[in-house]
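>>> predicted coordinates and the sequence they were generated for:
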Amino acid sequence: MTLTVVDMHTGGEPLRIITSGYPDIPKGTILEKRAYVRDHLDHLRKLLIFEPRGHYDMYGALLVEPDLPGADLAVLFMHNEGYSTMCGHAIIALGRYAVDQGLVAKQEPITTVNIEAPCGLVVASVEVRDGKAGAVSFESVPAFLFARDQQIELAGYGKIIFDIAYGGAFYALADCHQFGLEFGRSRVRDFVDAATALTERLKAEFPLSHPDHPDLAFLYGTILTDGGDAFSGEATKNVCVFADAEVDRSPTGSGVTARLAAMCARGEIEIGRERTFESIAGSRFSGAVARTTKAGPHKAVIARVGGRAYYSGRAEFTVEPDDELGRGFLLR
C-alpha cells in the first residue's frame, strides 16, 4: 500500500491532502460518499491522521468526484474522531491548491473555485497575481444562530451562558471568562478542558436539527471567545476545540462563519463590515457578513472568510503487512 500526500497549513492548522492511493469511492451524494468512507475505509484515515505519520491534531482532505452541478471538486474532511461536514481552513488551502494544480482554469486577479463539501457548495475566491495563487476567501453555506443565551450548570465551572450557531457545522459559543480563562494568561490545556466539558454536556442534553439533512445535526465542538463580539475595531480572539478535543491552530473558518451569524443575529455587526479573528496561535482570518438569507425556518447569513495557506511538504507513505503500530495509534 502506498499513499501520497501534499501537506499545507492555514494559520498554523495542518491539512494533509491525499493525492493518490485511495480506492475508488462509489458514486452518490457527498453525504453518501462520506458515509461510505466512514464505514469501509476508516483504516486509511487512521493510517494518515494518527501516529506515526500524523498526530492527535492532524487534519486531512480527500478529494472525490463532485455530485453538485457546477462544482469543480468535492472534498471529504477527516480528523482524529471521524469526518466533519465543513472546514474553512481546508477550503482556503484547497482553493490555492486547485489553482496551483490546474484543477481550475487560472484567471487574474481572481480565480473562482467551486468546492462541494458535505454541508453544501462553498465558493472560494483565490487571488492570482503574476500567475501565482495567494490569499483565499470563501462564501460558505447559509449560517444561522440556532439557540441564544442558553444556560447550564457545568460541574467545576458553575453557571455557563452559551449560544449555538451553525457555520457549516454546529458550535457552542461561550465567553472564556466564565471559565476563569484569559487569552495570553491561561494554559491551552485549560481551554481544552473547559471547551470539552461544555461540548460533551451539550451533546448529551441539547438536541440539534438542520433543515437540509439530519447528518448535519451534530455538535462539532465549542468555541471559547474573548467576549469581543461587539465591534470595537480590534481583533477578537477565539479557540475552537472540536472532534475528540482537537485544537484548531487557526481561527477556524467554519467557526468564524458561525460567530458572524451569531453576531449578526444580535445586531453586533453590520452587513459588509469586516472583522478580524485571531486564533490561540496568533494567526488571523478576516470575516464579514456578505448578505442575509434563509435556512429553512432560520434567519441566516452568507459569510465571507479569508486567510492564507502555505505548503509545508510532500510525502509518500507505506505500511508493511506485519506493522501493527504502523496502522495508526494515538497516545492521547
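All right, it came through fine. Numbers count the residues shown, from 1 in each chain.
>>> so what's the residue nearest the centre of the chain closest to, chain neighbours aside?
Central residue of the chain (CA atoms, centre = their mean): Cys87, 2.6 Å from the mean position. What sits nearest to Cys87 in space, not counting adjacent residues and going by CB to CB, 6 or more residues apart in numbering, is Phe77, at 4.5 Å. The C-beta positions use only the backbone N, C-alpha and C, and glycine is treated the same way.
>>> partner residues bridging that neighbour?
Beta-bridge partners recorded for Phe77 (DSSP bridges): Ala61.
>>> contact partners for it?
Residues in contact with Phe77 (CB atoms under 8 Å, 6 or more residues apart in numbering) are 59-61, 83-87, 90, 117-118.
>>> check which helix or strand Val75 maps to.
strand 73-78 (DSSP states H and E).
>>> hmm, I was thinking of Ser125
Under the assignment here (DSSP H and E), Ser125 is part of strand 120-129.
>>> relative to strand 73-78, how tilted is that strand?
110 degrees (axes from the mean of the first three to the mean of the last three CA atoms, to 10 degrees).
>>> contacts for strand 120-129?
For strand 120-129, the surrounding residues in contact (CB under 8 Å, 6+ apart) are 68, 70-71, 86, 91-92, 94-96, 98-99, 106-116, 133-141, 168, 212.
>>> just the CA trace of that strand, in CSV.
Taking C-alpha atoms only, strand 120-129 is exported to CSV below (Å, rounded to 0.1, in the frame of the first residue of the first chain):
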residue,chain,number,x,y,z
GLY,A,120,-23.1,22.0,0.5
LEU,A,121,-21.4,24.2,-2.1
VAL,A,122,-18.6,26.6,-0.9
VAL,A,123,-17.3,29.2,-3.3
ALA,A,124,-13.6,30.1,-2.9
SER,A,125,-12.1,33.2,-4.4
VAL,A,126,-8.3,32.9,-5.0
GLU,A,127,-6.2,35.9,-5.6
VAL,A,128,-3.8,35.4,-8.5
ARG,A,129,-1.0,37.8,-9.4
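>>> go through that strand and flag the buried ones.
120-128 (16 or more other CB atoms under 10 Å).
>>> then stretch 206-222?
Applying 16+ other CB under 10 Å to stretch 206-222 flags 206, 208, 210, 216-217, 219-222 as buried.
>>> strands along the stretch 1-150 of the chain, start to end?
Along the stretch 1-150 of the chain, counting by DSSP state E, counting those that start in this stretch, strands occupy 2-10, 13-20, 60-64, 73-78, 110-117, 120-129, 132-139, 144-154.
>>> which residues of the stretch 101-250 of the chain score low on pLDDT?
Within the stretch 101-250 of the chain, no range satisfies pLDDT under 70.
>>> ok, Asn80 touching Lys46?
No - between Asn80 and Lys46 there is no contact under CB atoms under 8 Å: 9.3 Å.
>>> tell me which of those two has more neighbours.
Neighbours were counted for Asn80 and for Lys46 using other CB atoms under 10 Å; Asn80 has more, 21 against 17.
>>> dump the strands of the stretch 1-150 of the chain to CSV, plus distance to Pro26.
Formatted as CSV, the strands of the stretch 1-150 of the chain follow (distance: least, CB to CB, whole Å):
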stretch, distance to Pro26
strand 2-10, 20
strand 13-20, 17
strand 60-64, 10
strand 73-78, 13
strand 110-117, 16
strand 120-129, 21
strand 132-139, 28
strand 144-154, 32
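>>> pick the most buried one from those strands.
Mean neighbour counts were compared across those using mean count of other CB atoms under 10 Å; the top stretch is strand 73-78, at a mean of 24.
>>> what about that one, distance to the chain center?
11 Å (CA atoms, centre = their mean, to the nearest Å).
>>> got it, and stretch 283-297?
14 Å.
>>> again with stretch 130-141
Per CA atoms, centre = their mean, the centroid offset for stretch 130-141 relative to its chain is 16 Å.
>>> and if you look at stretch 108-121?
With CA atoms, centre = their mean, you get 15 Å for stretch 108-121.
>>> end-to-end on that stretch?
From its first residue to its last, stretch 108-121 covers 23 Å (CA to CA, to the nearest Å).
>>> same question, stretch 110-130
With CA to CA, one end of stretch 110-130 sits 12 Å from the other.
>>> run the chain-centre distance for that stretch.
15 Å.
>>> could you number the chain from 57 rather than 1 from now on?
With the count now opening at 57, the last piece we talked about shows up as stretch 166-186.
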